[in-house]
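# build me a structure from this.
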Amino acid sequence: MASLQSHNALLPQLLALIADDGFTSEHLFSLPELCLFTARDIKSFNAIETLKILECAVDLTNDPTLMVRLGRQIDITTLGTFGFALMSCADLQEALKLLIRYRAIIGPVPLLDVYKVSNGITLRIKLDLGSPIQKRLITELTLSQISFIAEALIDEVITSGEVHLSYSAPVDQNAFEMLFSVPVRFDQAYSELVIPESILDLRIRTANPAGHVIFQNQCEELLRGLNRVENFSAAIRRILIRAGGEFPMINQVAEMLYVSESTLRRRLRDESTNFRAICDEVRNVLACQYLSTTKLTVSEIASLLDYTETVSFRRAFLRWNGMTPSHYRQTSSVT
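All right, here's what the predicted structure looks like:
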């Protein structure tokens with residue numbers, strides 16, 4: 001799941017947050033959508049499952065601001081070298097540049113594009129994957145995390161700027177503005193933070209020029225390590241599994257891995273595979289998981305795996321496994 005924290009770090013914070021609202025983990029995991037999750041350790045959930053838990057938590061609490069509140073629970077010191085590098089920056093402008101360059105070292109963070117405007121910059125979120133509700137949850141969580149980190153770095157509440165969201169406003173729009181401390185505008189062309197020039201120049205209270213050089217060099221080493229991934233096919237599998245079926249295009253995957261599309265194709269040829277073959281492999285893994293552990297219909301599974309026609313999914317599954325999806329479900333242990 002895309003955010004500035006791993007999904008394992010988010011869930012304990014989520015449970016503590018809904019507890020403040022009077023809901024226990026038993027309330028959450030007794031929901032029909034999460035009934036299969038009840039007996040599992042909280043650290044065992046993957047990114048797709050975590051996103052489902054977040055969706056259910058919003059429904060349980062009936063709180064449209066829950067993701068914004070959750071984003072404000074982030075502890076910058078838990079981000080390791082990346083967090084210390086941010087803390088050592090001279091000002092917020094330097095911290096934002098560092099965030100954009102090295103975001104990949106803390107996991108699958110949404111793509112962040114920076115645009116210069118007349119009185120500052122906009123930090124725009126780009127999400128190509130997921131359902132509308134999933135995009136909304138990730139957008140609110142990420143923008144909240146970024147704004148809260150900025151406030152933590154300068155040790156004061158930021159009251160200038162704006163938050164733009166590309167979807168319709170909830171009933172209580174004022175609750176969003178109270179949490180962000182700036183105007184929040186819905187039904188905008190993009191989801192983004194609008195940051196004035198005056199904010200960018202604010203000094204960071206923990207600035208440490210000598211330490212910054214060390215931490216930035218460590219971030220650079222970590223980023224180079226990502227770029228030297230020996231097994232690109234394994235890295236692609238992880239990305240596709242996180243996507244849950246609505247797969248990104250190869251150019252998008254290349255961008256996530258910080259290589260060009262031509263380099264990625266060449267590296268896959270060196271590993272005796274190609275992007276389409278890996279997509280089919282992951283679709284098969286996900287299909288088998290859905291068939292053996294859920295009660296979703298074959299048509300529903302086909303849709304989840306981005307097939308426009310169920311018959312095409314049936315043919316592909318037969319080609320992969322030598323049996324139909326229905327036969328596979330009968331022979332597997334369904335709980």
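
# which of the helices and strands in this protein ranks last by mean pLDDT?
helix 232-243 (a mean of 79; mean pLDDT, DSSP states H and E).

# for the following helix or strand past it, packing partners?
Using DSSP states H and E, the helix or strand that follows helix 232-243 towards the C-terminus is helix 250-256. If you count contacts as 3 or more C-beta pairs under 8 Å, 6 or more residues apart in numbering; DSSP states H and E, helix 250-256 packs onto helix 232-243, helix 261-270. In this view, the C-beta of every residue, glycine as well, is placed from N, C-alpha and C.

# which outside residues touch helix 250-256?
Helix 250-256 has contacts (C-beta atoms under 8 Å, 6 or more residues apart in numbering) with 104, 108, 111, 128, 236, 239-240, 248, 260-261, 263-265, 275.

# go on, stretch 205-214?
84-85, 87-91, 153-155.

# L28: which of these is nearest?
Checking the contacts of stretch 205-214 against L28 by C-beta to C-beta gives L153 as the nearest, at 32.2 Å.

# show me the contacts for that closest one.
Contacts of L153 by C-beta under 8 Å, 6+ apart are 76, 86-87, 89, 92, 95, 204-206.

# among the residues you listed, which ones are buried?
76, 86-87, 89, 92, 95, 204, 206 (16 or more other C-beta atoms under 10 Å).

# ok, then the element right after the one helix or strand A152 maps to?
According to DSSP H and E, A152 maps onto helix 132-154. Downstream of helix 132-154, the next assigned helix or strand under DSSP H and E is strand 162-164.

# tell me the strands beside that next one, with direction?
The strands that strand 162-164 pairs with in its sheet are strand 184-185 (parallel), strand 192-196 (antiparallel) (by DSSP bridges).

# any idea which of the ones you listed is most buried?
Highest mean neighbour count among those (mean count of other C-beta atoms under 10 Å): strand 192-196, with a mean of 23.

# can you list contacts of it?
92, 96, 117, 119-125, 143, 146-147, 160-164.

# write the ChimeraX selection for whichever of those are buried.
Restricted to buried positions by 16+ other C-beta under 10 Å, the ChimeraX selection for the contacts of strand 192-196 reads:
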select :92,96,120,121,122,123,124,125,143,146,147,161,162,163,164
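
# residues contacting the closest residue to E192 other than its chain neighbours?
Among residues not flanking E192 along the chain, R124 sits closest, at 4.0 Å (C-beta to C-beta, 6 or more residues apart in numbering). Contact partners of R124, counting by C-beta under 8 Å, 6+ apart, are 112-115, 190-192.

# tell me the two of the residues you listed that are most distant?
Between any two of the contacts of R124, the greatest separation by C-beta to C-beta is 14.1 Å, found for V114 and S191.

# so those two - more neighbours on which side?
Taking neighbours as other C-beta atoms under 10 Å, V114 and S191 compare with S191 leading, 23 against 14.

# would you agree the more buried one is in contact with L143?
Yes: look at S191 against L143 with C-beta atoms under 8 Å: they come within range, at 7.1 Å.

# which residues do these two both contact?
In contact with both S191 and L143: I125, using C-beta under 8 Å, 6+ apart.

# one step back: any idea which of the helices and strands packed on helix 250-256 is most buried?
helix 232-243 (a mean of 19).

# tell me what angle it forms with helix 261-270.
110 degrees (axes from the mean of the first three to the mean of the last three C-alpha atoms, to 10 degrees).

# got any ranges where the protein has weak pLDDT?
1-8, 38-41, 43-44, 46-48, 106-109, 128-130, 225-230, 242, 244-245, 332-335 (pLDDT under 70).

# secondary structure class for T122?
Under the three-state scheme (DSSP: H, G, I helix; E, B strand; the rest coil), T122 adopts strand.

# contact partners for it?
Here T122 is in contact with 114-115, 164, 190, 192-195 (C-beta under 8 Å, 6+ apart).

# ok, G71 next?
Counted by C-beta under 8 Å, 6+ apart, G71 has contacts 3, 140-145, 147-148.

# likewise L305?
So L305 contacts 245, 283, 286-287, 313 (C-beta under 8 Å, 6+ apart).

# what about 10 Å?
244-247, 279, 282-284, 286-287, 290, 313, 316-317 (C-beta atoms under 10 Å, 6 or more residues apart in numbering).

# need those in JSON lines with secondary structure and neighbour count, can you?
Formatted as JSON lines, the contacts of L305 follow (DSSP: H, G, I helix; E, B strand; the rest coil; neighbours: other C-beta atoms under 10 Å):
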{"residue": "G244", "secondary structure": "coil", "neighbour count": "23"}
{"residue": "G245", "secondary structure": "coil", "neighbour count": "20"}
{"residue": "E246", "secondary structure": "coil", "neighbour count": "15"}
{"residue": "F247", "secondary structure": "coil", "neighbour count": "21"}
{"residue": "C279", "secondary structure": "helix", "neighbour count": "20"}
{"residue": "V282", "secondary structure": "helix", "neighbour count": "21"}
{"residue": "R283", "secondary structure": "helix", "neighbour count": "23"}
{"residue": "N284", "secondary structure": "helix", "neighbour count": "16"}
{"residue": "L286", "secondary structure": "helix", "neighbour count": "19"}
{"residue": "A287", "secondary structure": "helix", "neighbour count": "24"}
{"residue": "Y290", "secondary structure": "helix", "neighbour count": "21"}
{"residue": "F313", "secondary structure": "helix", "neighbour count": "22"}
{"residue": "A316", "secondary structure": "helix", "neighbour count": "18"}
{"residue": "F317", "secondary structure": "helix", "neighbour count": "26"}
